[in-house]
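Engineer: fold the following.
(one chain, ligands or ions: 1)
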Amino acid sequence: MKRLVIAIDCDDVLTDTLPKVVDDYNRLYSTNVGLEHMYVDHNSIPEVFGTKTGQEAIQRFHAIYRQEGYYEALLPVEGAVEAISRLAKKHELHVVTGRQSFLKSATKYTLDKYFPDAFTSVEHTNYYKDDTEKTATHRSKAEVCKAIHADILIDDHIVHGEDVLNAGVESVILFGDYPWNKRDSLVPGMTRCSNWKEALSEIERINGSRR
Ligand SMILES: [Mg+2]
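Structural biologist: Residues are numbered from 1 along each chain as shown. Sure thing, here's the model as predicted:
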């Protein structure tokens, strides 16, 4: 069996994140944002999130994320702990997350607690960058996946999946049946896995096809 390099997203793949974040956003800002609004086009952000600019919406979210202990309290996605433990014995795993750099210590806390010693590296790509934060550098998941020579990306966000396939990564597992990632058809190279059980089977299938 070939040792694959597998890049794995964090939010809503390893941890249950967005449903909680959206609830808190609506409570704090008296909005009616739905899970289907997650990852809308950047131009639509002000309208969906009730702000004057996209940056204002990003800053609102980051204020939620900066609450003490907020990210540390997130729980693993069902089946993730067992799946990662199994995969880490056979493959090289990396976390490739859109999370901001200011969440490094919170992310490390969660990974150490639920997924100890499973990951070779943890890459923060600052997907929704707050322009007032000068130290954070945005990187695409495609460039990170190429740099670590990933064979597979597991991610719940279709745009990241398409980007990495375009950059030459061979396989993407679109994780979860979430309101924000519904599609009638997927591009070649992308396979939906609704849960970790399906993801493990798909990784075995990919590995078998490369022998
Ligand atoms: Mg995610």
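
Engineer: what does the longest helix along the chain rub up against?
Structural biologist: For the chain, the longest helix by residue count, based on DSSP state H, is helix 196-209. Surrounding helix 196-209, the residues in contact under the criterion Cβ atoms under 8 Å, 6 or more residues apart in numbering are 1-2, 4, 6, 77-80, 82-83, 86-87, 91, 151-152, 154, 170-171, 173, 175, 191, 193. Just so you know, the C-beta spots here come from the backbone N, C-alpha and C atoms, and that holds for glycine as well.

Engineer: do the same with stretch 122-136
Structural biologist: Contacts of stretch 122-136 (Cβ under 8 Å, 6+ apart): 55, 58-59, 61-62, 94-104, 107-108, 111, 137-141, 144, 148.

Engineer: again, 6 Å this time
Structural biologist: 55, 58-59, 62, 95-101, 138-139, 141, 144 (Cβ atoms under 6 Å, 6 or more residues apart in numbering).

Engineer: now do stretch 84-92
Structural biologist: 3-6, 115, 118, 120.

Engineer: pull out the buried residues from these.
Structural biologist: 4-6, 115, 118 (16 or more other Cβ atoms under 10 Å).

Engineer: dump these into CSV; add pLDDT, secondary structure and distance to residue 201 as well.
Structural biologist: Below are those laid out as CSV (pLDDT from 0 to 100; DSSP: H, G, I helix; E, B strand; the rest coil; distance: Cβ to Cβ, whole Å):
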residue, pLDDT, secondary structure, distance to residue 201
4, 97, coil, 14
5, 98, strand, 19
6, 98, strand, 14
115, 98, coil, 20
118, 98, coil, 19
